[in-house]
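Engineer: Structure for the following, please:
(one chain, ligands or ions: 1)
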Amino acid sequence: MKEKIKKFLSKKNKKKIVCLTSYSKSISKILDKYCDLILVGDSLANVLYGNKTTHNLKLQTMINHAKSVSLGAKKSLVVVDMPKDSYKNSKQAIKNAKKIIKETRCDAIKIENNSHNLNIVKAFTKSKISVMGHIGYTPQFKKKFKVEGKNKNEQNYLLRNAKKIEKAGAFSIVLECIEKKTAQKITKFLNIPTIGIGSSNLCDGQILVTDDMLGLSGFYPKFVKKYANLEKTIDKAVKKFDKEVKLNRFPLGKNSF
Ligand code: KIV
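Structural biologist: Got it, this is the predicted structure:
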């Protein structure tokens, strides 16, 4: 097992695990100072490309962004999301994961789990490809947003599925929008770290979409805390540039050759 993954796993029950998404070198360079894990999330389909869903994302698009992210990340674990149609069967999943890892030099890949794709996790494990799972609200497979694990049936299903994913060899698992008590039970029941998004502070770690927490994406559901308002900051800077160009105050002599 890779040293970086061992270090990540050792945090379970000891230290909270810090994770954020990145789609580029400039952001991953900053995140790398603080994050245990940087996810090249397929949320880039929504955030960067303005798509309503993540469903039509191309493998090459993920590879291009992941290459850029890897350039800025030296110490954090870099994990790349596999696009929806890139892991429909084990053979295709392995071929595409190997391509992602070879071209981007990332440490691991992530897939969204449904009730049919446990064999894909097993196939990755067999091929020594480090894989992260993802349960709860999984945008690749769910048509409508819903908080998961609110009743006993859902709770039992999620607990069972999480354990199966762990047994299949995943090194960690994202819990997205799972009710607090259920997220706590899964976290206690598993030996691998759980990384929550909208699933309370009772998970082993937390992840947010960086563009959301920086106030840049315009998407701020209840589980997002805005740590900055970059939209406002950028607007202010661009407004000043606009004014200075029009008034011929930029560039000055010191900005010219
Ligand atoms: O695509 C993504 O950014 C994700 C996170 C929300 C966990 O999967």
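Engineer: Taking the chain, what residue is nearest to the ligand?
Structural biologist: For the chain and the ligand, the shortest gap (CB to the nearest ligand atom) falls at Gly41, measuring 2.2 Å. (Glycine included, C-beta is placed from N, CA and C.)
Engineer: For that residue, which non-adjacent residue is closest in space?
Structural biologist: With sequence-adjacent residues excluded and distances taken as CB to CB, 6 or more residues apart in numbering, Gly41 is closest to Thr21, at 4.2 Å.
Engineer: Surely the one you found is in contact with Met213?
Structural biologist: No. The criterion here is CB atoms under 8 Å, and Thr21 misses it with Met213 at 9.4 Å.
Engineer: Show me which residues of the protein are close to the ligand?
Structural biologist: Proximity of the chain to the ligand (CB under 6 Å from any ligand atom) is limited to residues 21, 39, 41-43, 81, 174, 197, 207, 209.
Engineer: of all these, which comes closest to Lys14?
Structural biologist: Using CB to CB, Ile207 is the member of the residues of the chain next to the ligand that sits closest to Lys14, with 18.4 Å.
Engineer: List the residues that contact that closest one.
Structural biologist: With contacts defined as CB atoms under 8 Å, 6 or more residues apart in numbering, Ile207 is in contact with 19-21, 37, 39, 174, 195-197.
Engineer: ok, and the most crowded of these?
Structural biologist: Compared across the contacts of Ile207, Leu39 has the highest neighbour count, 31 neighbours, by other CB atoms under 10 Å.
Engineer: Return the backbone torsion pair for the residue of the chain closest to the ligand.
Structural biologist: Here the main-chain torsion angles of Gly41 (degrees, to the nearest 10) amount to phi -80, psi 150.
Engineer: In contact with it, which residues?
Structural biologist: With contact taken as CB under 8 Å, 6+ apart, Gly41 is in contact with 21, 23, 81, 209.
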